[in-house]
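1. My questions concern the predicted model and sequence given below.
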Amino acid sequence: MFRRQKAQEDDEKEPLLDEGEAESLSDFRPLVVLEFSSKSTPVTREWMKAKIEAPKKHGGAELEAKVVVAKDGEERVLLVTAPVERLLHGAEQMGLKKKYKDGSVRAFTFAERHNVEDYTDSLEGLLTMSQSQYIIKVELDNIRALETESHIPGCTDKKARLYKGKSILSRMVSCKLLSKMYPVHNPEQLKRLEHDWYHLHSAKQLIGGQPIETIRGYFGENVAMYFSFLGHYTKALVLPTAIGVLYYLFNESGRNDFVIFAVFNMIWATVFLETWKRTSSAHAYNWGTLGRKVFEEPRAGFHGKLGVNPITGRPEPVYPSWKRLLRIYCVSFPIVILCMLCAVAVMMVYFWAEGIAKAKHKEEKTMFTQGLSLVPSIVYSVVIILGNQAYRNLAQYLTKNENHREQSAYENYLIVKLVLFDFVNCFLCLFYIAFVMQDMNYLRQSLAILLIVQQLVGQLQETVLPYFLMTKRIKKGEKSELDHVSKPLHEIPRSKQAEVESLMDRYEGTFDDYLELFWQFGYVFLFSAVYPMAAFWALANNIMEIRTDAFKMCRIFQRPFLEPAADIGAWQTVFEVMGVIAVMTNTALIGMSPEIQPLLEGYTTVQKVLIFVAAEHLIICIKVVLAFAIPDMPEWVETQMGRIEYQSTQALKKQVSLSEGKDPTALGSSGGGEVMDDDDTEDEA
């Protein structure tokens, strides 16, 4: 679920352009916007502009920057761009992969640019706009302090100290000198994307069909991978929905079909996840992210004693791993466990209130008391949502306190904390009803209420929130005398575009979206044996989710920077673990069902348990066999990857032969053989 960006300070709401700026920007097409805070001084801003434009050998980025003067006279905005040739060289240095005319996907080189598929003389044929913006972001991040630079000029904050190799942009963010950095939208491309994405044109779009390649070209791989996963999951829900609806409508007493449906869902979850691996690997190959390894720079906020990175040889903060582990196991996880215990306490209060409401209804049996008996479940559903959101803030604080160097490590530890708590908060009451109270009708009712209420609240946030954010933006624009702020970007003059985008809210990433799908996946598959209609409600929600998320990406939020992605990361493991837990819960529910119990008459309790443990292991074995039977990569991707590896080996052997003065044609076509390897103070990154 998307989150709102915090309200900006009053002094940051001034319009960006004065009357004379439009003409000067007529030939300057910005790609990235940097907005300095009111805390920054003209000396600091001028120094940063000079660093951006300086040659790389002098610690600069060799980019082009233009100052925008606001109506208050302050020059607090920099528009940054770069020439085509500079961007192409940047793409080569970063190792971006492109698809060539021979069908292969390999690292881009400036010398081979003419062989890139769909090559044209313009930049668009070689790099998408999002890739160009990503290159600029990386170059800005890599502007580092020289040996002679020990402090940010014009800033009196003691935290503004620098050392050789320190990322200047990171330091300016930590000192709150830089308030925003975002890539600009392309109004014409955005208009076409809106038309193809959230406007319905066919039934295929209704069940998850989306222009994934266009989304990837505009927003980058990370966003496209999420929407592709959402679409794949939505399509996978169609078959369970059809079977569940048929069961609900025509076979209310069909308990044997009920068991078969539960077994089907357990197997279907594995098929869905394994086919997704194939889809994501195909995406990753076509997008040039499959197998790509990127050295991660220290994340903003990482601190430690100044040392030397053994890989890069550059000075950077170093933090002992034992201190981090101490914070994880002695601070973070005890607090997480305490929060889970609080969730258990809230659950017991819910059961107490539910008991009172049911007792009241049993005494009076009126329409009022019948409705009253549903109130505790509805309130508890809302409390779960509020608890998850409150805990999210605590989990972020704890993970930041652990001081992880890499952003990927930070996200993985945050996922662990959130999944542990949310599993207890969302699902523990259902486990209690199923296996302690053993009331299947109550379980079915509670599952339906939790799923439907949480999705309704979520959809209200997905639909009402965009309207609220747009209204807020229009009011900001009216205060700043921007009468065009309510219009789509393609109807706004280019000279005013930066002003409008500055008022947009920041996109917070896909983290909350995956977490929302995790809850839903659990409700659908953990208790398939008691509520087959769960898949129907999930499908209906996802159809709306795609439309509302697409609308917000195109109309509400600032454009995010491209983030390379080869898969959905740790979330794949989370969903797979949930699938295994679903086998255990559904097998136990089947064993407790009334139609199975007569078949086990004459068996002792121990024998019954052993029978269903064996059944559970059998289903898990089937899931494992399916996982091995369905390759993670399509055959054509494996072939292409093998071809690239072979060509790389041959090129290396040829290079070795040339260096040794041998005839490279003597290598033959064997393709085999071996290749022989001839200051101590705390600081923030």
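-> That came in fine, so what should we check first?

2. Okay, now the unreliable bits of the protein?
-> 1-28, 70-73, 121-125, 251-258, 295, 466-467, 469-470, 472-495, 660-685 (pLDDT under 70).

3. Which helix runs longest in it?
-> Assignment by DSSP state H gives helix 440-479 as the longest helix of the chain.

4. so how far is that helix off the chain centroid?
-> 20 Å (Cα atoms, centre = their mean, to the nearest Å).

5. moving C-terminal of it, what's the next helix or strand?
-> Heading C-terminal from helix 440-479, the first helix or strand you meet, by DSSP states H and E, is helix 497-503.

6. the inter-axis angle of the helix or strand that that following helix is followed by versus helix 440-479?
-> Using DSSP H and E, the helix or strand that follows helix 497-503 in sequence is helix 511-525. Angle, helix 511-525 to helix 440-479, by axes from the mean of the first three to the mean of the last three Cα atoms, to 10 degrees: 160 degrees.

7. just checking, what packs against the following helix or strand past helix 511-525?
-> Once the chain leaves helix 511-525, the next helix or strand it forms, by DSSP H and E, is helix 534-555. Applying 3 or more Cβ pairs under 8 Å, 6 or more residues apart in numbering; DSSP states H and E, we find helix 534-555 packed against helix 187-197, helix 221-236, helix 238-250, helix 440-479, helix 511-525. No exception for glycine: its C-beta is placed from N, CA and C like everyone else's.

8. quick one, which of these is nearest to residue 180?
-> When these are compared by Cβ to Cβ, helix 440-479 sits nearest residue 180, at 14.3 Å.

9. the inter-axis angle of that closest one versus helix 534-555?
-> Using the same axes, to 10 degrees, the direction of helix 440-479 lies 10 degrees away from that of helix 534-555.

10. Please look at residue 549 and residue 462 and confirm they touch.
-> Yes. Counting by Cβ atoms under 8 Å, residue 549 touches residue 462, with 7.2 Å between them.

11. Please identify the buried residues of stretch 272-287?
-> 272-274, 276-287 (16 or more other Cβ atoms under 10 Å).

12. Closest one to residue 339 out of those residues, please.
-> residue 273 (28.6 Å).

13. Please, where are all the helices along the stretch 51-200 of the chain?
-> In the stretch 51-200 of the chain, the segments counted as helices under DSSP state H, counting those that start in this stretch are 84-94, 129-141, 168-174, 187-197.

14. The stretch 201-350 of the chain now?
-> 203-206, 212-219, 221-236, 238-250, 255-287, 321-327, 333-364.

15. Of all those helices, which one is nearest residue 520?
-> Among the helices of the stretch 201-350 of the chain, helix 221-236 sits nearest to residue 520 (Cβ to Cβ), with 8.8 Å.

16. name the helices or strands packed onto that closest one?
-> Short answer (3+ Cβ pairs under 8 Å, 6+ apart): helix 221-236 packs on helix 212-219, helix 255-287, helix 511-525, helix 534-555.

17. would you turn those into JSON lines with distance to residue 641?
-> Formatted as JSON lines, these follow (distance: least, Cβ to Cβ, whole Å):
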{"stretch": "helix 212-219", "distance to residue 641": "20"}
{"stretch": "helix 255-287", "distance to residue 641": "7"}
{"stretch": "helix 511-525", "distance to residue 641": "27"}
{"stretch": "helix 534-555", "distance to residue 641": "31"}
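
18. Could you say which one of the ones you listed comes nearest to residue 604?
-> Proximity to residue 604 (Cβ to Cβ) singles out helix 255-287 among the helices and strands packed on helix 221-236, at 22.4 Å.

19. quick one: that closest one to chain centroid distance?
-> 21 Å.

20. quick one, which of the helices of the stretch 201-350 of the chain is packed in tightest?
-> helix 221-236 (a mean of 21; mean count of other Cβ atoms under 10 Å).

21. Dump the helices of the stretch 51-200 of the chain into JSON lines; add mean neighbour count and distance to residue 149 as well.
-> Converted to JSON lines, the helices of the stretch 51-200 of the chain look like this (neighbours: other Cβ atoms under 10 Å; distance: least, Cβ to Cβ, whole Å):
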{"stretch": "helix 84-94", "mean neighbour count": "18", "distance to residue 149": "23"}
{"stretch": "helix 129-141", "mean neighbour count": "22", "distance to residue 149": "16"}
{"stretch": "helix 168-174", "mean neighbour count": "22", "distance to residue 149": "8"}
{"stretch": "helix 187-197", "mean neighbour count": "16", "distance to residue 149": "39"}
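
22. Now render these as a markdown table, adding distance to residue 571.
-> Putting the helices of the stretch 51-200 of the chain into a markdown table (distance: least, Cβ to Cβ, whole Å) gives the following:
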| stretch | distance to residue 571 |
| --- | --- |
| helix 84-94 | 26 |
| helix 129-141 | 22 |
| helix 168-174 | 27 |
| helix 187-197 | 23 |
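
23. Now the phi/psi pair for residue 175, please.
-> Phi and psi for residue 175, reported as degrees, to the nearest 10, are phi -90, psi 0.
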